[in-house]
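**Q** Here's my sequence, what's the structure:
(chains A and B)
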Amino acid sequence: MTRKNQRIAMIVGGLAFLGVAAGLVLTAFEDSVVFFFSPTDLQAKPVDPERRIRVGGLVETGSVERGPADAEIRFKVTDGNTSVTIRYVGILPDLFREGQGIVAQGRLQDAMFQADEVLAKHDETYMPKEVADALKKQGHWKDGEAPYGDGAKSGGGS
Amino acid sequence: MIVELGHLALAAALVVAVFQAVVPLYGAARRDATLMALAQPAALVQFAALIIAFGALTHAFVTSDFSVSNVASNSHSLKPLLYKVSGVWGNHEGSMLLWVLILSLFGAAVAAFGGNLPESLRARTIAVQGLIGVGFLAFILFTSNPFERVVPPPIDGRGLNPLLQDIGLALHPPMLYLGYVGLSTTFSFAVAALLEGRVDPAWARWVRPWTLAAWVALTAGITLGSGWAYYELGWGGWWFWDPVENASFMPWLAATALLHSAIVVEKRDALKSWTILLALIAFALSLLGTFLVRSGVLTSVHAFAVDPERGMFILALLAVAIGGSFALFAWRAPTMEGGGVFRPISREGGLVLNNLLTATGAATVLIGTLYPLALETVTGEKVSVGPPFYDATFVPLMVPLIIVVGIGPLLAWKRGDLAGALHNLWAAAIIAISLGMALAWLQGAPVGAALGMALAAWLGVAVITEWVDRVRLFRVPFSTSVARATGLPRAAYGMSFAHLGLAVFIVGAVGETYFSHEVVRYAAAGDRIEIAGHTVQFNGVSERAGPNYNAQVGTFVLETGERLESERRFYPAEGQQTTEAAIRVRPAGDLYTVLGEPAEGDQWTIRIYYKTLVVWIWVGGFLMAFGGLVSLADRRLRVGAPTPRRPMAVAAAGGDD
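**A** Sure thing, here's the model as predicted:
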């Protein structure tokens, strides 16, 4: 094999791999990318109940209730205009609190959001970025002020 | 006073870095030995200045000097000493200071141990290292000054995020940074080689130990981080494909590819421009990772607050470093003519395949990480890319890689004998296939589980086969085999350990993913819970006070009488709650108990996991890092200038891919 052939073989091989990878990436995007919805978005456009999505907002104060099933929790998440009920079985994250922003991942079935994951990630104001943006869109939060007054404390991180 | 001294030292480091970047480069261009020789003292002085700066900040943290804004925001007088120290890098400013400290450490290391390098290559490498330092020191001084004072100083600090108050996380960032930033050295070597216009086997031999060292630190850092997530976050997960995790994983993949392609340069004088490109890409991915984590463009468990100014600064640094080095590459690389030719079926061929698969894997991770950012910028739509994406893209690419890792080391350089290698691997193939089939049919395991375990068995047996083949076990008298075994280069053992570590890791990853069990329910004291053949009794909850927190302790008793105590801690200083899982570690699987919230009456929400084979994940990770260390100890990499290669010596030394 000459040097030129070797180089051509390598380039062809490399392109073949990239092609396979691109194919994998494109099919995977179709099925596995998870879109984010605010409660208002959910009401506005119908969502396929088989599709995994994310919903985020503030946990409505006084909406958290337990049961009836073992370790089941229901609570409402709001963006200020609309709210959606979320059902979750398991242990909520440490940062989950009423009035705090959360993001839930799961499926919307029969007007209730069946979450298999609840995330309460933290930044300066304990507010997931998606949630902050959703609130801003509904005109309930302006930059520089925490929506519910408390919790303006910087979180560390690595 | 000490704080001001630290600030001054930081500013001095910037001045020295400018000197270190400019003078040796000019000297190398003019072939002026005196100017080139200034590179080494400059690198050492810069390192010393940064040690002073870092020491000053550490002093402020240890003595709880709350007049320093950074200490006030991230420390608390009641915090245990270890976490006062780790608090130094548990925040943005301090972690950037650690970043440049390690950067200058590597610069100083090249200055101190680069005695056998050609003068101009050494001068240029140190200069490029200085240039990176200039960028990041300016970043710290202008946007993230860790020495800023607050007037008036608060009475006490705001504390460190309790999640970060953990020994695993105290060690994780320095380890990860050693790896991340260690890749700066290979980058500097690559840029210096482009400036020199010369890449030869000697260059690869000088670069390999630096790549190896960075790779070992990165491997250990990622393994520590994954272990931390597993036991600290209380979700029992060990890898989330979180953007911040990906930020460290992409450089690791690139460094892995680089490690292997550098072997081809060293042994066969081929793949030169590709190796240089990989060295540039590996550090570019490190910088990208730093940007993603530090700029706050990502929402992540790890992310710091958003500060657009910082983000723009790092983005500019990223653009200059990547743009500049790639432009230099485009200009100079075509002059580098490839050396030895080889057949597709050969050791080189196997290494090329490794490179293609690893690099493509890194590309899919990069796309998955950046896609949500790109989409939001373009359409405003918010998406997240999670594990299903990587399961469908990255994982399939790794399947052929594992098969090749088993075969490659048995192929000869230049022209390999695939049939012969496969003939050697009949045992591996039979064990792998029968294990896979037994799992699928007898155990009813999912296809993925059967395939994964079969691959792990294939690789594990192949590694052992290769060693047996080298020492000619049972084919020559036993004493001869022992002599051969002790005579094998350490690099060969390093390769075997690292590849074995990969096999062990796969066992753990597949076992955890497919065979784990989980129970979530309400439980009152005295309740018994059955999980994966174990009976766990919940003995209720008691209160306990820690050094800087109060805890509710849930006690679980196993059938053997062992007690597991899971805590819910409340940190009053930070106003935060954390969950501390209790874990009983066994090779076959971990029992992992979590105490949740109180429910009605005397009931509590509890969660118990049985994590099958999970500890193999970290054993595998550390085995890989250990393999890297063993390889780093190889004589060839420690002993001075490379000797002219004799054909026999190359054949006997074998490879360490």
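**Q** residue ranges with poor pLDDT in chain A?
**A** Chain A contains residues with pLDDT under 70 at A:1, A:121-132, A:135-158.
**Q** For the residue nearest the centre of chain A, what is the enclosing helix or strand?
**A** For chain A, residue A:54 is the residue whose C-alpha lies nearest the centre (CA atoms, centre = their mean; 3.8 Å). Assigned by DSSP states H and E, residue A:54 belongs to strand A:53-59.
**Q** what residues does the helix or strand following that strand touch?
**A** Following strand A:53-59 in sequence order, the next helix or strand is strand A:65-66 (DSSP H and E). The contact list for strand A:65-66 (CB atoms under 8 Å, 6 or more residues apart in numbering or on different chains) reads A:72-75, B:599-600. (C-beta placed from N, C-alpha, C; glycine too.)
**Q** Show me what the helix or strand that contains residue B:29 is packed up against.
**A** Residue B:29 is part of helix B:2-30 when elements are defined by DSSP H and E. On a contact count with 3 or more CB pairs under 8 Å, 6 or more residues apart in numbering or on different chains; DSSP states H and E, helix B:2-30 meets helix B:33-37, helix B:39-62, helix B:92-113, helix B:119-143.
**Q** who touches the first one?
**A** This points to helix B:33-37. By CB under 8 Å, 6+ apart, the residues outside helix B:33-37 that reach it are B:23-24, B:26-28, B:119-120, B:122-123.
**Q** What is the longest helix of chain A by residue count?
**A** Criterion DSSP state H: the longest helix present in chain A is helix A:3-32.
**Q** Which strands or helices does it pack on?
**A** By 3+ CB pairs under 8 Å, 6+ apart, helix A:3-32 packs against helix B:347-379, helix B:387-407.
**Q** Show me the shaky parts of the stretch 201-350 of chain B.
**A** For the stretch 201-350 of chain B, the stretches with pLDDT under 70 are B:295-308, B:337-339.
**Q** all strands for it, in order.
**A** Using DSSP state E, counting those that start in this stretch, no strands are found in the stretch 201-350 of chain B.
**Q** Would you map out the domains in chain A?
**A** As assigned by automatic domain parsing, chain A contains the domains A:1-33, A:35-137.
**Q** most tightly surrounded among those domains?
**A** For those, average neighbour numbers computed from mean count of other CB atoms under 10 Å in any protein chain shown are highest in domain A:35-137, which has a mean of 19.
**Q** returning to what we had before: CSV for the helices and strands packed on helix A:3-32, including mean neighbour count?
**A** Listed next are those as CSV, based on neighbours: other CB atoms under 10 Å in any protein chain shown:
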stretch, mean neighbour count
helix B:347-379, 21
helix B:387-407, 19
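**Q** of all those helices, which lies closest to chain A?
**A** helix B:387-407 (3.6 Å; CB to the nearest CB).
**Q** Could you list every helix and strand that that closest one packs against?
**A** Going by 3+ CB pairs under 8 Å, 6+ apart, helix B:387-407 lies up against helix A:3-32, helix B:347-379, helix B:418-424, helix B:447-471, helix B:490-515.
**Q** Residue B:482: which of those helices is closest?
**A** helix B:447-471 (7.8 Å; CB to CB).
**Q** Name the residues of the closest one that are buried.
**A** B:449-468, B:470-471 (16 or more other CB atoms under 10 Å in any protein chain shown).
**Q** Adding distance to residue B:149, write the helices and strands packed on helix B:387-407 out as a markdown table.
**A** Compiled in a markdown table, the helices and strands packed on helix B:387-407 are given as follows (distance: least, CB to CB, whole Å):
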| stretch | distance to residue B:149 |
| --- | --- |
| helix A:3-32 | 49 |
| helix B:347-379 | 36 |
| helix B:418-424 | 66 |
| helix B:447-471 | 55 |
| helix B:490-515 | 47 |
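**Q** Select from the ones you listed the stretch with the lowest mean pLDDT.
**A** The minimum mean pLDDT among those belongs to helix A:3-32 (a mean of 81).
**Q** Could you check the pLDDT of residue B:647?
**A** pLDDT, residue B:647: 42.
**Q** Could you do the one 3 residues further on as well?
**A** The confidence metric pLDDT takes the value 38 at residue B:650.
**Q** Name the residues of the stretch 351-500 of chain B found near chain A, please.
**A** Within the stretch 351-500 of chain B, the positions near chain A by CB under 8 Å from any CB of the partner chain are B:352-353, B:356-357, B:360, B:363-364, B:367-368, B:371, B:381-386, B:388-389, B:391-393, B:396-397.
**Q** next structured bit after the helix or strand where residue A:108 lies?
**A** Assigned by DSSP H and E, residue A:108 belongs to strand A:101-109. Remark: after strand A:101-109, the chain's next helix or strand is strand A:112-119, criterion DSSP H and E.
**Q** list the helices and strands that following strand packs on?
**A** Right, strand A:112-119 is packed against strand A:83-89, strand A:101-109 by 3+ CB pairs under 8 Å, 6+ apart.
**Q** Give me the angle between it and strand A:83-89.
**A** If you take axes from the mean of the first three to the mean of the last three CA atoms, to 10 degrees, strand A:112-119 sits at 70 degrees to strand A:83-89.
**Q** Parallel or antiparallel, list what pairs with strand A:112-119.
**A** Using DSSP bridges, the strands paired with strand A:112-119 in its sheet are strand A:83-89 (parallel), strand A:101-109 (antiparallel).
**Q** Next up, the contacts around residue 55.
**A** Using chain A here. A:36-39, A:42, A:77, A:84, A:86, A:103-104, A:106, A:108, A:113, A:115.
**Q** Wait, chain B was what I had in mind.
**A** Per CB under 8 Å, 6+ apart, neighbours of residue B:55: residue B:6.
**Q** Quick check: the gap between it and residue B:591.
**A** Using CB to CB, to the nearest Å, residue B:55 is found at 43 Å from residue B:591.
**Q** follow-up on the earlier one: out of the helices and strands packed on helix B:387-407, flag the one nearest residue B:114.
**A** helix B:490-515 (20.7 Å).
**Q** Report the angle between that closest one and helix B:447-471.
**A** Going by the same axes, to 10 degrees, helix B:490-515 makes 160 degrees with helix B:447-471.
**Q** Just name whatever secondary elements helix B:490-515 is in contact with.
**A** Using 3+ CB pairs under 8 Å, 6+ apart, helix B:490-515 is in contact with helix B:387-407, helix B:447-471, strand B:604-612, helix B:615-632, helix B:635-638.
**Q** Would you format those as TSV with distance to residue B:505 included?
**A** Listed next are the helices and strands packed on helix B:490-515 as TSV, based on distance: least, CB to CB, whole Å:
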stretch	distance to residue B:505
helix B:387-407	11
helix B:447-471	8
strand B:604-612	15
helix B:615-632	3
helix B:635-638	25
